[in-house]
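1. How does the following fold in three dimensions:
(chains A, B and C)
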Amino acid sequence: MRVKLIAFGLGVAALIVLPFPLSDFHTVQLATVGAYFIAILGLDVLTGHSGQISLGHGAFMAVGGYTTAILMSEHGVRDLWTIPLAALVAGGIGLLAGIPALRLSGFYLALATFGIAVVLPTILKKFDGLTGGSTGITLFGKPTQTGHGFQVTILGRHLTNNQWLYALTWTIGVVLFVVVWLLLDSRFGRSLRAVRDSELAAAAAGVNRSTYKVAAFGVSAAFAGVGGALLAINVAYVSPDTFPIQLSLYLLVGAVVGFYGSIWGAVIGALLIQFLPDLVHQVPHIDDKQAGPTTFFFGVVLIVLMLLLPLALRVAALLTNRGYPRAQ
Amino acid sequence: MSRSAGCGSDLSILELRGVAARYGEIRALHDVTLAVAEGDFVAILGANGAGKTTTLRAVSGTVKTTGDVLLDGSKVFRRTPEGMARRGVAHVPEGRGTFSALSVLDNLRLGAWVQRGVSQRDLAHVFEFFPRLYERREQQAGTLSGGEQQMLALGRAMMAKPRVLLLDEPSLGLAPLVVREIFGALRLMNESGMTIVVVEQNASLALRAAKHAYVLETGRVVLGGVASDLQANESVRRSYLGY
Amino acid sequence: MANFVQQVVSGLASGGIYGSLALALVLIHRSTGVLNFAQGELATLSAFICWTLMDHGWGFWTAFGVTIVLSFVGGAAIQQVIIRPIQDGPVLGVVILTIGLLIAVNGLMTWIWGGAARQFDGPFSTEPITVGGVAFSKQDIGVIAVSLVSVLLIGLLFARTKLGLGLRAAAVNPVEARLTAVRVPAMLAVGWGLAAVLGAVAGVLAAPSLFLEPNMMRTVLLYAFAAAVLGGMDSPIGAVIGGLVLGVLLNLVGTYVEWVGGELRLAVALAVILGVLIVRPSGLFGRAAVRRV
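-> This next block holds a predicted model:
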């Protein structure tokens, strides 16, 4: 536990210090990482801890993002206040989605959520009265945007817009991280994991499986909603192309890279989603006009990780089994 | 009582020497040595957890072991279930191993996998033994009763024309009448030359059917001999026969 | 009225494509219990290989023959190298792996062949023929015919051959199958190999109408899943009939339900998937209850 607290402290310290040496552009990139981080936290709760596969979390991000965009542009709500509202809307939809999800499991739940992620852009384009259709909604310069997109003053200090976005995203990120941490360490978390590991045993122990599974859906959707809202605020624009099927799949990649279920790895996953494309472009002889190589390497990373994961877990178990008597 | 009940290794079709096996950290067999002569009907008895099932698994290669397993006097290293099946060792596990989603006929056809084709004569032979299987031949095997599934398992084994038949708890969960039918069939099969090794918790039943028997306790053979002798044996009576 | 018939005919044609990919999905599910999210991309890859061979001057049938062989080998290899290590583990692992395969193959195709759509000259002509005001082509008939023939062949394989029996046994009860001397690992590899062959057929059937590009099967995959679910995940005939029904359904709903129009076809397919899985999981032709929990 102490190790975790120290790690947490170091992490927060790093976050505070990081923007200073970095350029403004990198700062806003890290802000986007923060948005993904929050969504991956949600995915960790759902898939890692309650064992329900979601290939469609991009859809919940979209719900959050569009909630923010619509509230900001049509209803004059200041961007900050849209965030909790986005969480509520996304979370509500998540709870609703969790109910039919109870009847599906394994591959079939994956299929259903995959379908939702594929269908979402078409639905967004269809209801263009609300969503602005293919053109989307632009938030830049709107009066509802804090700092009007230029400068923000807090406690007498002037922050550039990007620094503000970074601070906003990661403050919320850290707070939500603590929330998840406490949640998973509590009875809620234990019940979730019981349900994940053995539904039968959990039921025998009196855990109401359905309630926890649906709750997990709601919580994780809310988190993704917040992530989506922050993404919308960061980019100051939403369109159906902001939330394609790739996003859902890459979120899963991020969750897996972070050893799915381990919220501590979520940062690594989020970093991967944001920066792998750039890393791939660094490799010589790769034509970075095409998306091909990046996509290919994402896929390979996923495959390799899944193949190595059992091995890695065994190594980890061996390493932490200090003093455990080993028979011949 | 001697450790080995068979007639000696030259006539043994199956032999275990110093076989040990474990599941992860738990040692199930410590040192099992026994021999089965060709054409014999051997029962392996013992309490729950004594290692009876594991002994059969050791022969068919379903579990990793140390020690030697000999078939017809020669050691068989690296046993795999498919390999042992091809060598003529048929293993019917606890729970019958029925392919519930497939039809009765398909189950029997599967039994003949080791043969080159499905011989209609072999099928007819099985149906003679177990007429009820013929009635239900197109039915999904999972819809059969426990006793019928046991007959199906035996039928599958027969289709493979094995030299040694290993049976794990054939009487489990079956009504006494059905059990008698099953053991009657086993006796007939043995009389036609098939070597049979049966693992049974129902000691009295097994000792009445078998010619020879071994008793296992915590992964070791503690007694072995002619079945009728063991039936009369004081400690066997008290521990396993209940009187 | 003519429009109605036209919609039905076109629906059957596209449905044939969905059905042929659905057949591959069903085969993999039936023989290994896996829903292969990468099936569409693998089918497209096979089509690309065939196209490349034809581009180098080979005739269609020679190119197709080689493609079939390569697809079989590739499918079996993928199962042995990538799927086998984790197929006994949690479902999530296999799902993620097939997603990874989807992403990787898609990226690979874009990398090697680029994103531009190409013309693919299949064995059937795409020239439209008009009969009684209804337009269709030999390609459309060919797609439906080939799908039905494939179902027949697969059905015969499963029901009548020793290999089919082994495939079924390995899928239903692998532990016990080994005791019957069935070489289970080989069966699983063959299952994937055959599915890859069916995928190649689907890809080659689709390419002339859909134009060959890396994302060709992206939406078809969802339609194929809907077809397979509708027909019953373990039923080959269900897959093809499900595909035909779905194709016609999508066209009719798209034409006659104003609100759905052309844009929400995918949503209708998703509704089919959700509806069937929740209300009647075994689909139209499925036998045993689909393992949901």
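
2. Which residue, other than its chain neighbours, is closest to C:Phe158?
-> Counting by C-beta to C-beta, 6 or more residues apart in numbering or on different chains, C:Phe158 lies nearest to C:Gly164, which is 4.0 Å off, once chain neighbours are set aside. For every residue, glycine as well, the C-beta is placed using N, CA and C.

3. what's the burial count for that neighbour?
-> For C:Gly164, the count of nearby residues is 17 (other C-beta atoms under 10 Å in any protein chain shown).

4. pretty sure it belongs to a strand, no?
-> No - applying DSSP: H, G, I helix; E, B strand; the rest coil, one finds C:Gly164 to be helix, outside a strand.

5. show me what contacts it?
-> Listed by C-beta atoms under 8 Å, 6 or more residues apart in numbering or on different chains, the contact partners of C:Gly164 are C:156-158.

6. Return the member of those residues nearest to chain A.
-> C:Phe158 (21.2 Å; C-beta to the nearest C-beta).

7. Quick check: residues of chain B near chain C?
-> With the criterion set to C-beta under 8 Å from any C-beta of the partner chain, chain B comes near chain C through B:60, B:62, B:80-82, B:85-86, B:90-93, B:97-102, B:106, B:109-111, B:113-114, B:117, B:156, B:160.

8. Out of these, name the ones that lie in strands.
-> Using DSSP state E, the members of the residues of chain B next to chain C that fall in strands are B:90-92.

9. what's the nearest residue to the most centrally placed residue in chain A if we skip its chain neighbours?
-> With distances taken as C-alpha atoms, centre = their mean, A:Ala39 lies nearest the centre of chain A, 1.5 Å away. Spatial nearest neighbour of A:Ala39, excluding adjacent residues (C-beta to C-beta, 6+ apart): A:Gly227 at 3.4 Å.

10. starting at the chain centroid, how far to the host helix or strand of the one you found?
-> For A:Gly227, the element it lies in under DSSP states H and E is helix A:209-235. Offset of helix A:209-235 from its chain centre (C-alpha atoms, centre = their mean, to the nearest Å): 8 Å.

11. So which elements touch the helix or strand following that helix?
-> For helix A:209-235, the following helix or strand on the C-terminal side (DSSP H and E) is strand A:237-238. Here strand A:237-238 touches helix A:57-74, strand A:137-138, going by 3 or more C-beta pairs under 8 Å, 6 or more residues apart in numbering or on different chains; DSSP states H and E.

12. Is there proximity between the longest one and chain C?
-> No - if you take C-beta under 8 Å from any C-beta as the test, helix A:57-74 misses chain C, and the best it gets is 11.3 Å.

13. What residues sit buried inside that helix?
-> A:57-73 (16 or more other C-beta atoms under 10 Å in any protein chain shown).

14. ranges for the strands of the chain?
-> Defaulting to chain A. Listed in chain order, the strands of chain A (DSSP E) span residues A:137-138, A:151-154, A:157-160, A:237-238.

15. wrong one, chain B
-> Ranges of strands within chain B are B:12-23, B:26-37, B:41-46, B:65-71, B:74-75, B:89-92, B:164-168, B:195-199, B:212-217, B:220-226, based on DSSP E.

16. who does the shortest one pair up with?
-> Strands flanking strand B:74-75 in the sheet, each with its direction: strand B:65-71 (antiparallel) (DSSP bridges).

17. Only the buried residues of the partner strand, if you could.
-> Buried residues in strand B:65-71, counted by 16+ other C-beta under 10 Å: B:65, B:67, B:69-71.

18. Now do that strand against strand B:26-37, angle only.
-> Counting by axes from the mean of the first three to the mean of the last three C-alpha atoms, to 10 degrees, strand B:65-71 lies at 20 degrees to strand B:26-37.

19. Pull strand B:65-71 out as CSV, backbone CA atoms only.
-> The C-alpha coordinates for strand B:65-71 follow below in CSV (Å, rounded to 0.1, in the frame of the first residue of the first chain):
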residue,chain,number,x,y,z
THR,B,65,3.9,-38.8,-14.6
THR,B,66,7.3,-40.2,-13.6
GLY,B,67,7.9,-43.9,-13.5
ASP,B,68,7.2,-46.4,-16.2
VAL,B,69,4.1,-47.6,-18.0
LEU,B,70,4.6,-50.8,-20.0
LEU,B,71,2.4,-52.1,-22.8
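
20. coming back round to it: and the residue nearest to the centre of chain A, how close does it get to B:Tyr134?
-> A:Ala39 sits 61 Å away from B:Tyr134, going by C-beta to C-beta, to the nearest Å.

21. which residues in the chain form helices?
-> You didn't pick a chain, so chain A it is. For chain A, applying DSSP state H gives helices covering A:2-17, A:24-43, A:50, A:57-74, A:79-101, A:106-126, A:128-131, A:161-185, A:187-197, A:199-204, A:209-235, A:245-257, A:266-282, A:292-320.

22. sorry, should have said chain C
-> Counting by DSSP H, chain C has helices at residues C:2-32, C:39-55, C:60-78, C:91-113, C:138-160, C:162-172, C:174-179, C:184-210, C:218-231, C:236-256, C:265-279.

23. Which parts of chain B are helices?
-> All helices of chain B, identified by DSSP H, fall at B:52-60, B:81-86, B:104-111, B:120-129, B:131-135, B:146-159, B:176-191, B:203-209, B:227-232, B:234-236.

24. any chance of the ones you listed in JSON lines, with mean pLDDT and mean neighbour count too?
-> Formatted as JSON lines, the helices of chain B follow (pLDDT from 0 to 100; neighbours: other C-beta atoms under 10 Å in any protein chain shown):
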{"stretch": "helix B:52-60", "mean pLDDT": "89", "mean neighbour count": "25"}
{"stretch": "helix B:81-86", "mean pLDDT": "86", "mean neighbour count": "20"}
{"stretch": "helix B:104-111", "mean pLDDT": "90", "mean neighbour count": "24"}
{"stretch": "helix B:120-129", "mean pLDDT": "88", "mean neighbour count": "14"}
{"stretch": "helix B:131-135", "mean pLDDT": "88", "mean neighbour count": "15"}
{"stretch": "helix B:146-159", "mean pLDDT": "89", "mean neighbour count": "24"}
{"stretch": "helix B:176-191", "mean pLDDT": "88", "mean neighbour count": "16"}
{"stretch": "helix B:203-209", "mean pLDDT": "87", "mean neighbour count": "20"}
{"stretch": "helix B:227-232", "mean pLDDT": "84", "mean neighbour count": "18"}
{"stretch": "helix B:234-236", "mean pLDDT": "79", "mean neighbour count": "13"}
